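K.L.:
Output the structure for:
(3 chains)
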Amino acid sequence: MYSVLPRLAAGLASFLFCFSLQAATPNLVVYTYDSFASDWGPGPKVKAAFEATCNCTLELVGLSDGVAMLNRLKLEGDNSRADILLGIDTNLTAEARSSGLFDAHGLSLQSSALPTPWQDDLFLPYDFGYFAFVYNKEKLASPPTSLRQLVDDSGGPTLLIQDPRTSTPGLGLMLWMKKVYGDKADQAWAQLSPRIVTVSKGWSEAYGLFLKGEADMVLSYTTSPAYHIIAEQDLRFAAARFEEGHYQQIEVAGMVRSSQQKELAHQFLAFMISEDFQKIIPTTNWMYPVVGGQAVVPTEFDQLINPAPALLLDETSVAEQRKRWVEEWLEVMSR
Amino acid sequence: MIVSRAIPAGLVLALLALLVLAPMAGLLHLSALPGYEPADLRIWESAYLRRVLYFSIWQALLSTLLSVLPAILVARAFAMQPDLPLRRLLLGLFALPLVVPGVVVVMAVVSVYGSDGWLPLGRSLYGINGILLAHVFFNLPLAVRLLLPLWKMIPQHHWQLGEQLGMNAWQRFRFIEWPMLRETLPGVLLLVFMLCLTSFAVVLTLGGGPRSTTIEVAIYQSLRFDFDPARAVMLALLQLGLCMLVAMLTLKFQRMPEVEIATSAPYRSRRTTLSYVVNLVLIMAATLYVGLPLLSLLIDALQGPVIKMATSAQLWQAFANTLFIGISAALLSVVAGWFLLQYSASLARQGRATGARLVDLAGSIVYVIPPLVIATGMFVLLSPHVDVFDWVYPIVIAINALMGLPFVVRCLGPSIRQSHARYHRLCLSLDLQGWNRFRFIDWPLLRRPLGLAIALVAVLAMGDLGVIALFGSTQTATLPLMIYQQLGAYLISQATVTALLLLLLCLAVFALLERGIGGKADVVN
Amino acid sequence: MLLIEDLQFGYSSQPALNMHFDLRVEDGEVLSLIGPSGSGKSTLLSLIAGFLSASSGRIILDNNDLQALPVAERPVSIVFQQHNLFPHLDLYTNVALGIDPSLRLLPGQIDAVRDALARLGLENMQRRKPGELSGGQRQRVALARALVRRRKILLLDEAFAALGPAMRAELLELVKTLVGEHDMTALLISHQPSDALIASTRTAFICEGRVSMLAPTDELLAAAAPPELRDYLGSQ
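P.N.:
Here you go, the predicted structure:
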């Protein structure tokens, strides 16, 4: 019926082909998150660009988000079809590493736009962003200029944030507060709490509510206004620049150890840090490219705030402490 | 006859158990393997979880009462006005809220009741108020549709006698309507309770924050972020146990049908102007309540790129997939439900009331095992042996059929019991069995509730986001998934348009199925 | 005396089936109504009870047109073939509803309920539910309720159709006695001509919405003048 039968047949066929040593065109399977694989994301362009050079087919499988991806891989273990995992961030790399499911990529990253040189041998970054509070310039004339100001000003703007248990930006904010306040983070959260309108499950709910005018500011990315400027010619939105700096999110990809297409996977990762891939990122994924600099970033990005210094907690402490920190956060927020 | 009826029912029950228990066992087994965190099974000692449990129950209970009690009044109003213009349309409208994906409901509710909305509530929206608003939006219409057919089961003579004996409105309700309601109401209460208990996005976003955490969220967190399958299973079982407790309570209050029952045409008694006005007000209030968020969705959507999207091939491909999943799940669900209910009805007819109720319960209660748990468990079981991607559609259909089962039980249950009580002996004496029995006896009588059941499960499955999202896709598989992807890509207005299209298509499917299968007129005995 | 004068009723959707009744029932009489299905017998009872409204004509009892009265105020009690009792209430309550739907009975009325049940052979069964009774017993309870209401007109719409011959005969005799005792007027619909023989001195044959023939019972059943009546009765 409709397209299911051919798909099922194709699935079955590809299953059988797994046994053949020589496939007609090799198929590279990349697990990534939904918005990457969707038609509105980088997916189609990346696929077209890569397939032009590789003499293969690129299959992008969209799984809701980074966490789901990693879990899926863990569940599938060595039976997984995936060759590449693309789209986890540095908060998950420690866990991914300890799963033992990845192989070294063997590539070196030159002229990276990242503040510190890249040292991870298992995972390779492909884009990065900074968390920031986005607001409507017409509604909020003078946004806070630092995280501390946001927290201390009890008459300050109302906020929409995400839950660190279910959302990466949510987790990002929690780590950001940890980085800035250290052990005093609990008190900061307690001060902030009255101005939080709601804590949503994911980024889309919070952003959607923000666009409906439910609060003055929403936790999002410094690049969010770029979407409105470029795609909608809407100049009303901006991100608030905080003196302490902004917490960084670096997204990475890794090669799956049980992959049958190691060469092709390697080729893809190299492609990933090349300009052909990187130039697609800014206006489809709305993040900063790791390579390429001004050549690949559209000029509208100049209107975005400068988020330096980039704040980041090392992946080991995140992996060890995250559960406890989340529980503390819950404790404060549930009062 | 009983033996043969028990076999297909037994098969269904066995399948249910397999579908539910096997994945959970798989997950537990997983956590026993080295490399995974040992589960902290002493959940009851955690104050956090106690708070979660308390909140889950409280919000579900409150939502249920606020949804079902008014629904009785509204259903009654509809029943008393069989000639109401646009009645069919209004009732069709009442089928929609269930279709709308949770995240879209949140948007719609905020559009109406948020700071910039038509009836602004301000910050107080985010808390129990918001949760109740959204839950009543979902469940009041459903309850109305499930309760409405009951009025037709009241014998016409009862109404006539009531009039002759000079009963006032309260006495009519007490003696004539309530006994009929009393039988089905506990089941409806249980269903709505389960829906509210397992509601996720709504509670989390409109709840205002972690204060509003439910067991379902905790399960989600356990399985996804903490990757602690054992804890997830424990919590899922806790949720199941909770529902069984509630179910036991409702069973106590439920009565089995009495001997004399009938299907009659609605009694056109002379109503006073006052009662006419009251009924009209009730119906309008309910319509407004349900309609406003939907209207806001319509308005928002129409401001988006409707034409461009309506002509996108991808959208129609997604629709086709969605339709396929919906119909398949509905058929599977209804067939499974049919066998269960036939068995339950025969038990009831024999006077084995408890057995009958337990079978009904089995069909209903599996709803509370989160699809995430089932899906993940299935992965664990299947992935060593097959390529799971090939099995996506069958699994998604099976899980959606499972989740549709409680609706089938609620829709079809009363009618099957009635038909069975009335005609079983006749069929035996005429040696009318199997297909012939279905064709001549069951089909004409049960067409209507059957149509409703299939239509309901189909639109539920069509609107489902949770299950298909778990499996991933290489292209946009279904409309809800498309909505979710668009939302994640800043394409809010497009997402709203897609949501509108989903809604319209579901309305069309619902009307077609209900009308096509249910037929035009009622069967009058 | 119950006088039905030029009573007309029609379903607007089917004007060809217009009904037109003229009838007279004496005090203390049980008039049997026989006729094919759909001929209008039940409709006539519904019109008298007030469940349906006539388009024209009069229903006169003791010089009052009943149509001026709402259903609850008409001096009518009706017993249907089934669904007379409220299944979740016990027998006592079912009968007591006949006196006062709010169930606030005076001591004398409570006794009346007990007596009525006893009269119909159902003493000591007050607390039982209809579900525990046989069909015949249920109809007797319905009759008990009609009895305590002490209304002038008693309508029986195939009330004993589902009962065995002995039970039927017993109840018909009982109806005849009660109607005579309390000077009531009763109309009895039945598909059994033998019922008419037991209960009624006169019988009316209703056909196609009209009183086709009204005569002493034995005459009507023996002579069977109109062809429709002969068809209805078949070969005797």
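
K.L.:
Can you spell out which helices and strands pack onto the longest helix along chain C?
P.N.:
Of all the segments of type helix in chain C, defined by DSSP state H, the longest one is helix C:165-181. Contact partners of helix C:165-181 among helices and strands, from 3 or more C-beta pairs under 8 Å, 6 or more residues apart in numbering or on different chains; DSSP states H and E: strand C:30-34, helix C:135-149, strand C:153-157, strand C:185-189, helix C:193-199. For glycine as for every other residue, the C-beta is placed from the backbone atoms N, C-alpha and C.

K.L.:
Please repeat the previous calculation with a cut-off of 10 Å.
P.N.:
Packing partners of helix C:165-181 (3 or more C-beta pairs under 10 Å, 6 or more residues apart in numbering or on different chains; DSSP states H and E): strand C:30-34, helix C:107-119, helix C:135-149, strand C:153-157, strand C:185-189, helix C:193-199.

K.L.:
so that helix versus helix C:135-149, what angle?
P.N.:
Going by axes from the mean of the first three to the mean of the last three C-alpha atoms, to 10 degrees, helix C:165-181 is angled at 10 degrees with respect to helix C:135-149.

K.L.:
domains of chain A?
P.N.:
Listed by automatic domain parsing, the domain ranges of chain A are A:24-128+A:249-302, A:129-248+A:306-333.

K.L.:
If you count neighbours, what's buried in the longest helix of chain C?
P.N.:
By 16 or more other C-beta atoms under 10 Å in any protein chain shown, the buried positions in helix C:165-181 come out as C:Met167, C:Arg168, C:Ala169, C:Glu170, C:Leu171, C:Leu172, C:Leu174, C:Val175, C:Lys176, C:Leu178, C:Val179.

K.L.:
and the residue lying closest to the third one once chain neighbours are set aside, how many residues sit next to it?
P.N.:
Among residues not flanking C:Ala169 along the chain, C:Ile198 sits closest, at 5.8 Å (C-beta to C-beta, 6 or more residues apart in numbering or on different chains). Neighbour count of C:Ile198, defined by other C-beta atoms under 10 Å in any protein chain shown: 20.

K.L.:
check contacts around C:Ile198.
P.N.:
C:Ile198 makes contact with C:30, C:32, C:168-173, C:175-176, C:188, C:190, C:192, C:217, according to C-beta atoms under 10 Å, 6 or more residues apart in numbering or on different chains.

K.L.:
Please tell me how far it sits from chain B.
P.N.:
According to C-beta to the nearest C-beta, to the nearest Å, C:Ile198 and chain B sit 25 Å apart.

K.L.:
Just the buried residues of stretch B:121-137, please?
P.N.:
By 16+ other C-beta under 10 Å, the buried positions in stretch B:121-137 come out as B:121, B:123, B:125-137.

K.L.:
Next, the distance between the ends of it.
P.N.:
End-to-end distance of stretch B:121-137: 16 Å, with C-alpha to C-alpha, to the nearest Å as the criterion.

K.L.:
what does stretch C:50-66 give?
P.N.:
Stretch C:50-66 has an end-to-end distance of 8 Å (criterion: C-alpha to C-alpha).

K.L.:
Just the buried residues of that stretch, please?
P.N.:
So, applying 16+ other C-beta under 10 Å, buried residues of stretch C:50-66: C:Gly50, C:Phe51, C:Ala54, C:Gly57, C:Ile59, C:Ile60, C:Leu61, C:Leu66.
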